[in-house]
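1. Just the structure for this:
(chains A and B)
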There are 2 protein chains.
Amino acid sequence: MKRPLEGIKILDLGHVLAAPYCTMVLADLGAEVIKIERSGVGDDTRRFSPYINGESAYFNSINRDKESMTLDLKNPKGKELFLELVKKGDVVTENYRPDTMDKLGLGYEELKKINPKIIYACITGFGHNTVYPGRPGYDIIAQAAGGLMSITGYPDKPPTRVGSSIGDIISGLFTVIGILSALRARETTGKGQKVDIAMTDCVMAVLENAFARYTATGEVPERIGSRHPSLAPFDVFKTKDGWMVIGVGNDSLWAKFCKGLNIEEYITDPKYATNEARSDHSDELKTYIEKWTSARTTDKAVEEISSFGVPCGPVNTVDKVMEDANTKLRNMIVDLPHPKVGKMTFVNNPIKLSETPCDIFKVAPGLGEDTDKVLKRVLGYSEEQIEALRKEGII
Amino acid sequence: MKRPLEGIKILDLGHVLAAPYCTMVLADLGAEVIKIERSGVGDDTRRFSPYINGESAYFNSINRDKESMTLDLKNPKGKELFLELVKKGDVVTENYRPDTMDKLGLGYEELKKINPKIIYACITGFGHNTVYPGRPGYDIIAQAAGGLMSITGYPDKPPTRVGSSIGDIISGLFTVIGILSALRARETTGKGQKVDIAMTDCVMAVLENAFARYTATGEVPERIGSRHPSLAPFDVFKTKDGWMVIGVGNDSLWAKFCKGLNIEEYITDPKYATNEARSDHSDELKTYIEKWTSARTTDKAVEEISSFGVPCGPVNTVDKVMEDANTKLRNMIVDLPHPKVGKMTFVNNPIKLSETPCDIFKVAPGLGEDTDKVLKRVLGYSEEQIEALRKEGII
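-> Below you'll find the model as predicted:
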């Protein structure tokens, strides 16, 4: 066994981000992911800029390690073919609007008649079981509705969307966990089940602490910038060439910090001696510390403050993250040969397993490039049968 | 079978957030999670404010559904007892600094000698295999080092930490996936393995699109507030009583939006007719739209714009999320009886399974409240043996 999820066959009707991210993680781990796309069109993200030699960087980044086949699900014969695949499959994934699959006659209730062992995983903005069946599930809508935007950003600025589509991505991750759990249950029960993931639920689940604080105190959590809600100085600070973070989590770290900065008188100064006092004077403190950090480059300031024994680190821009020595050591950036582009660069999967490692092994497929291969391998179709399907416009 | 992960025994040495979040998800799904804590002290988060009747809301929120036993791992007999548990366990989880377990003589290499089937999952800031073994793994340091802060926030404000500890939490989620994958691999190989998760790797993995854009264009992604990088108007807007998001993703939605607002002349106005033109004039557009939204409450504006057929939604604060009708329908807020507090309120697990559902079933344990139960159940110890261990201060 080379990869841990070998032998799991996934029929992926996902598009754009949430479901494709889910099946990307599964594919990296060795699951056989067959991405089913509309002939001639394919996943919308194939047309998301920027491009490298006509290939969407975005599409490639989340569809590596998968196969692509085309199939017209609106054609009755295409539908039949899909059901043949469902008989052989373990998992179906999709992130259409809640009623789309039912309208196609391909909802979970239909699929489980064909294959009671199938696991059906869907990701939508508000769930299949929802009071908002018509609301679209854009990432920004989930980040906003689930409460994350209301606690991200600075108080004198609007609520802030996280800079990556975290609403889609965490939903993809929870769906992976749901699928792997359902596969495990199936070993005992012999039956599949439906995994119904709502992006807003997932956003709520990663806000945990905010809800805990609210239910304990009745105070609605607000935006507080980058600082820690109860520790100081614990924030982001300007440097000569960028930004850094410093986390003085207790009084003994404060003493180390003051010694390092040659301001030992502040250790016992009643304005700063305790965390509570420091929190009350955090603005002054920030101004003072930024005077020191601004006189140094990020690298230099991080090196010095680390040497005092105080937790800190650089705010890396994307280029810096890629160059980082640890990124290299952990093989987090991978180049793979690409037939059209020469080579393509990927962020690797962060799950580092010692015995059955998951490494990216192949770039994203061209539209329908594996159609014939899949029909032969999974359904045992002949060249002639495949040719006939192609002539009818079904694949 | 009631829950999908029944029968998996996890020895959890996790503390604070990343590892406890991981085992919380596993416990919700039915895994048997034995939280092993230091006698008399326990997990630091037991002392994180705010409290309800002396119980930390924070600790409870991420340690529900687990058992707690106390054990002194520095005592040779305590170590022996831990190794007895490892013989019976499936998974060990921890998020100490990289060398802590090795120094205790309880690193993976030792544990696998005792039980080759054990799965050992560790979460650290930069990995066990790292060039930064000494760097602390605070959430803010991972969000900063992994690049997420550099692309979150407004350009005229500092890089912004996501308002929840997303660096810890996504690391917990990737660890769950790693553990479930390793369990699956074990069914074939008969062997356990090590799952080495670095928070910075996980942050990189959820930035995906930013790396894809950078590798395609060479342009370093920057902070752009809440707006969409290439669509307009697609942003957050002020209302009379709060904020809302609106996503005009294409020209046909723009036409619907203009008709609804009675500004049909803008549909063909060259300043706004195409997405590119709208992006070039997004500031004017934002001012104009905010005049309209500011005259309405969030609820009213969302209702009206939805009725035009344009994607939009409220920016909910935490109290609003809790009251939302969909939150209730999906059972995302759960009250459970608590022996000290009366009742305690939890955010439910977002993984909604149709056949083996995962619901929260029990509040967080008091420190060591299950020690005797675990020693009897797992190791078959007698009352007398347990009493002797207690007298020696080992449990």
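
2. what residues does the stretch 1-150 of chain A put near chain B?
-> Proximity of the stretch 1-150 of chain A to chain B, by Cβ under 8 Å from any Cβ of the partner chain, involves residues A:1, A:4-6, A:21, A:25, A:29, A:49-52, A:57-58, A:60-62, A:108, A:126-127, A:129-132, A:134-136, A:138, A:140-141, A:144-150. C-beta: built from backbone N, CA, C; applies to glycine.

3. What subset of those residues is buried?
-> The neighbour-count test (16 or more other Cβ atoms under 10 Å in any protein chain shown) marks A:1, A:4-5, A:21, A:25, A:29, A:50-52, A:57-58, A:60-62, A:108, A:126-127, A:129-130, A:132, A:135-136, A:138, A:140-141, A:144-150 as buried among the residues of the stretch 1-150 of chain A next to chain B.

4. Which helix or strand contains A:D283?
-> Following DSSP states H and E, one finds A:D283 within helix A:282-294.

5. Next up, phi/psi of the residue nearest the centre of chain A, please.
-> For chain A, the residue sitting closest to the mean C-alpha position, by Cα atoms, centre = their mean, is A:I169 at 2.8 Å. The main-chain torsion angles of A:I169 are listed as degrees, to the nearest 10 and equal phi -70, psi -50.

6. which non-adjacent residue is nearest it?
-> Taking Cβ to Cβ, 6 or more residues apart in numbering or on different chains as the measure, A:I169 lies nearest to B:V206, with 4.9 Å between them; neighbours along the chain are not counted.

7. what's the neighbour count on the one you found?
-> Counted with other Cβ atoms under 10 Å in any protein chain shown, residues neighbouring B:V206 total 28.

8. average pLDDT across stretch A:232-242?
-> Mean pLDDT, taken over the full extent of stretch A:232-242, equals 97.

9. With just CA atoms, put it into PDB.
-> The C-alpha atoms that make up stretch A:232-242 are tabulated as PDB, following Å, rounded to 0.1, in the frame of the first residue of the first chain:
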ATOM      1  CA  ALA A 232      -0.500  42.500  26.000                       C
ATOM      2  CA  PRO A 233       1.700  43.100  24.200                       C
ATOM      3  CA  PHE A 234       0.400  40.400  21.900                       C
ATOM      4  CA  ASP A 235      -0.100  41.900  18.500                       C
ATOM      5  CA  VAL A 236       1.400  42.700  15.100                       C
ATOM      6  CA  PHE A 237       4.100  45.400  14.800                       C
ATOM      7  CA  LYS A 238       5.600  47.400  12.000                       C
ATOM      8  CA  THR A 239       9.200  46.800  11.000                       C
ATOM      9  CA  LYS A 240      11.500  48.600   8.700                       C
ATOM     10  CA  ASP A 241      10.600  46.300   5.800                       C
ATOM     11  CA  GLY A 242       7.300  44.700   6.800                       C
END
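
10. got the buried residues for that stretch?
-> Using 16+ other Cβ under 10 Å as the test for burial, stretch A:232-242 gives A:232-239, A:242.

11. Can you lay out those residues as TSV showing distance to A:T217 and secondary structure?
-> TSV is the format used below for the buried residues of stretch A:232-242 (distance: Cβ to Cβ, whole Å; DSSP: H, G, I helix; E, B strand; the rest coil):
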residue	distance to A:T217	secondary structure
A:A232	20	coil
A:P233	24	coil
A:F234	20	strand
A:D235	22	strand
A:V236	26	strand
A:F237	29	strand
A:K238	32	strand
A:T239	35	coil
A:G242	36	coil
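
12. End to end on stretch A:316-335, go ahead and measure it.
-> End-to-end distance for stretch A:316-335: 21 Å, by Cα to Cα, to the nearest Å.

13. Just the buried residues of that stretch, please?
-> If you call a residue buried by 16+ other Cβ under 10 Å, then stretch A:316-335 has these buried ones: A:316-322, A:324, A:326-327, A:330, A:332-333.

14. gap between it and the chain center?
-> 18 Å (Cα atoms, centre = their mean, to the nearest Å).

15. right, is that stretch up against chain B?
-> Yes. Stretch A:316-335 reaches chain B (Cβ under 8 Å from any Cβ) through A:316-322, A:324-327, A:329-330, A:332-333.

16. what about stretch A:239-254, distance to the chain center?
-> Average the C-alpha atoms of stretch A:239-254, do the same for its chain, and the two points are 28 Å apart (Cα atoms, centre = their mean).

17. Please verify my assumption that A:T217 contacts B:P50.
-> Yes. With contact defined as Cβ atoms under 8 Å, A:T217 and B:P50 form a contacting pair (5.0 Å).

18. so the residue lying closest to A:R97 once chain neighbours are set aside bridges to which residues?
-> When the adjacent residues along the chain are set aside, A:R97 lies closest to A:T124, with 6.7 Å between them (Cβ to Cβ, 6+ apart). Beta-bridge pairing of A:T124, defined through DSSP bridges, involves A:A198.

19. can you count the residues close to A:T124?
-> For A:T124, the number of neighbouring residues by other Cβ under 10 Å comes to 28.

20. Farthest-apart pair in the buried residues of stretch A:316-335, please.
-> Distances among these were taken as Cβ to Cβ; the most separated pair is A:T317 and A:R330, at 18.8 Å.

21. Can you show me the strands along chain A?
-> Secondary structure of chain A, counting by DSSP state E: strands at A:9-12, A:32-37, A:51-52, A:55-56, A:67-70, A:91-94, A:119-124, A:194-198, A:234-238, A:243-247, A:312-314, A:333-338, A:342-347, A:352-353.

22. Partner strands of the second one and their direction?
-> When you say that, I think you mean strand A:32-37. Strand A:32-37 pairs in its sheet with strand A:9-12 (parallel), strand A:67-70 (parallel), by DSSP bridges.

23. Alpha carbons of the first one, in CSV - could you do that?
-> Taking only C-alpha atoms (Å, rounded to 0.1, in the frame of the first residue of the first chain), the coordinates of strand A:9-12 have been written out as CSV:
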residue,chain,number,x,y,z
LYS,A,9,-13.7,5.3,-5.6
ILE,A,10,-15.2,8.8,-5.6
LEU,A,11,-17.5,10.2,-8.3
ASP,A,12,-17.0,13.9,-8.0
